[in-house]
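>>> Sharing a model that was predicted from the sequence below.
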Amino acid sequence: MNLDTYLWILARVSGLTAAAALAISLLTGLALRSAVLDWLTTNRALRSTHEFTAILWIPLGLSHMVLLLLDGNVRTPIRLIDLVLPFRASYGSLAIGLGTLSFDILVLVAVTGWLRRQIHPSAWRWIHRLSYLACGMIFLHALLGGSDFSAPQVSAIAWSVAAVLAVLTVARLLWGRLSAEGRDLQRGRPNP
């Protein structure tokens, strides 16, 4: 295996694991607000997992981007500007642009997450909700730009995760946040 092939594989692996970390972060964030996983674990474990994976994607996503800059297998080399400003790449501009735009949005979500106490709560919530949009764009980025979807295992996992997140998102939109009273009833505890 030559260096270019090795870098190509590492770029794919880091991209897939970054997407997995984001999917887990989104799932646990949804679970915190909807109590959908209360049967499985505690709120503390969900919050810890949500916060850990919300940070974990950053080094994985940056690795993906750096490895793409170094990848010699691409038809036209990706430039640093292509990874910061969306839709500028000379080939695959839609796929690469969606990845770039989702990265930019997720950086905004992460930074505002760290500054949460200095931001008005409703502004923070609206910015934080952009993560739904960013995860959808990452899915399209992978679908349109990567060769990984040709592998049945990757395709099955990606479509399954997308379906679960879509169903939970729609449920969250339709039924909103489960109240403390609803959580108590769901857990079989009487309401005081």
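The structure has been received and is ready for your questions.

>>> Please count neighbours and contacts with C-alpha atoms only from this point.
Noted.

>>> Centroid-nearest residue for this protein?
Residue closest to the average C-alpha location in the chain (Cα atoms, centre = their mean): L22, at 2.8 Å.

>>> so that residue sits right up against C135, yeah?
Yes - counting by Cα atoms under 8 Å, L22 touches C135, with 7.1 Å between them.

>>> any idea how far the residue nearest to the centre of the chain is from V167?
For L22, the distance to V167 (Cα to Cα, to the nearest Å) stands at 17 Å.

>>> What of W57?
From W57 to V167 the distance is 23 Å (Cα to Cα).

>>> Tell me which of those two has more neighbours.
Neighbour count, other Cα atoms under 10 Å: between W57 and V167, W57 has more, with 23 against 12.

>>> Report the spatially closest residue to the more buried one, excluding sequence-adjacent ones.
Distances taken as Cα to Cα, 6 or more residues apart in numbering place A18 nearest to W57, at 4.6 Å, with adjacent residues excluded.

>>> Now the one you found: which helix or strand?
Per DSSP states H and E: A18 is located in helix 3-34.

>>> packing partners for that helix?
helix 43-70, helix 121-145, helix 152-175 (3 or more Cα pairs under 8 Å, 6 or more residues apart in numbering; DSSP states H and E).

>>> Could you list the buried residues of the helix or strand harbouring L106?
Counting by DSSP H and E, the element that carries L106 is helix 93-114. Buried positions in helix 93-114, judged by neighbour count with 16 or more other Cα atoms under 10 Å: 93-106, 109-110, 112-113.

>>> Could you tell me which ranges of the protein sit under the pLDDT cut-off?
Counting by pLDDT under 70, the chain has low-confidence residues at 74-75, 177-192.

>>> where's D4 relative to L27, distance?
From D4 to L27 the distance is 34 Å (Cα to Cα).

>>> Neighbour count for those two, which is higher?
Between D4 and L27, counted using other Cα under 10 Å, the more crowded position is L27 (21 against 15).

>>> can you pull the contacts of the closest residue to the more buried one other than its chain neighbours?
Closest residue in space to L27, ignoring its immediate chain neighbours: L165 at 6.6 Å, by Cα to Cα, 6+ apart. L165 makes contacts with A23, L26, L27, as judged by Cα atoms under 8 Å, 6 or more residues apart in numbering.
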